[in-house]
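# Sequence plus predicted model, see below.
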Amino acid sequence: MFFDLICPDCGCITEVVQSADELDEVVGCQNPDCQAPMTRRRNRLWSGNNIAMHGNCTGGGGSCQWAGYYDPVLGTEINGKEHRRDLMKAKNLEEYYTDPDVDKHTDELKYIRSHSHLGDAEANAEADKCVKAAANVQRKKNIDAVFDRAPVD
Ligand SMILES: [Zn+2]
């Protein structure tokens with residue numbers, strides 16, 4: 001099965017193929033400048049279509065791999081940041097950026113992750129709350145955005 005893991009240090013998404021019982025298998029972040037250890041139990045991106053999935057990667061200095069990935073939204077292989085930007089422009093799409101209301105929670109998440117160890121149950125519980133809070137804020141904003149675009153008559 002495919003799972004997305006979100007890096008606690010740089011925010012990059014790493015896709016892994018694991019069986020159901022590999023919850024605690026340690027995987028390295030795909031960002032070559034980071035390679036932080038992650039496990040599915042700790043770092044699974046539950047809200048795959050919400051936080052940081054599209055658009056800018058968070059984290060200072062960390063560079064995501066823009067080249068050579070398949071973008072399901074654009075329906076094609078992306079060969080770099082500029083290529084992606086051109087494609088989006090051609091399709092009249094806007095880049096998704098996280099907004100401050102979401103960042104508030106993801107920043108807290110990053111803080112907790114960087115100040116706790118993998119087996120810290122209390123920190124894990126707090127981190128989960130941050131992920132859920134961020135997803136809730138994003139979901140509400142997505143819904144609001146749909147209503148904003150709806151024709152009014
Ligand atoms: Zn990372």
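Received, thanks. Residues are numbered from 1 along each chain as shown.
# After the worst-scoring helix or strand of the chain on mean pLDDT, which helix or strand is next?
The helix or strand of the chain with the poorest confidence is strand 67-71; it has a mean of 64 (mean pLDDT, DSSP states H and E). Helices and strands here follow DSSP states H and E; after strand 67-71, the next one along the chain is strand 76-79.
# tell me which residues in that following strand are buried?
When burial is assessed from 16 or more other CB atoms under 10 Å, strand 76-79 yields the following buried residues: I78. All C-beta atoms are positioned from the backbone trio N, CA, C, and that covers glycine.
# List the strands paired with that strand, with their directions.
Paired strands of strand 76-79, with direction, are strand 67-71 (antiparallel) (DSSP bridges).
# Go through stretch 116-135 and flag the buried ones.
Going by neighbour count (16+ other CB under 10 Å), the buried part of stretch 116-135 is 116, 118, 123-124, 126-127, 130-131, 133-135.
# How far off centre is it?
Centroid separation between stretch 116-135 and its chain, computed with CA atoms, centre = their mean, to the nearest Å, is 15 Å.
# contacts for it?
8, 37, 39, 42, 46-47, 50-51, 102, 105-106, 108-109, 112-113, 115 (CB atoms under 8 Å, 6 or more residues apart in numbering).
# Near the ion, which residues of this protein? Just list them.
7, 9-10, 12, 29, 31, 34, 36 (CB under 5 Å from the ion).
# Counting neighbours, which of the residues you listed comes out on top?
Going through these with other CB atoms under 10 Å as the criterion, the one with the most neighbours is C7, at 29 neighbours.
# Quick check: nearest residue in space to that residue, chain neighbours excluded?
C29 (4.1 Å; CB to CB, 6 or more residues apart in numbering).
# Appreciated, that's everything.
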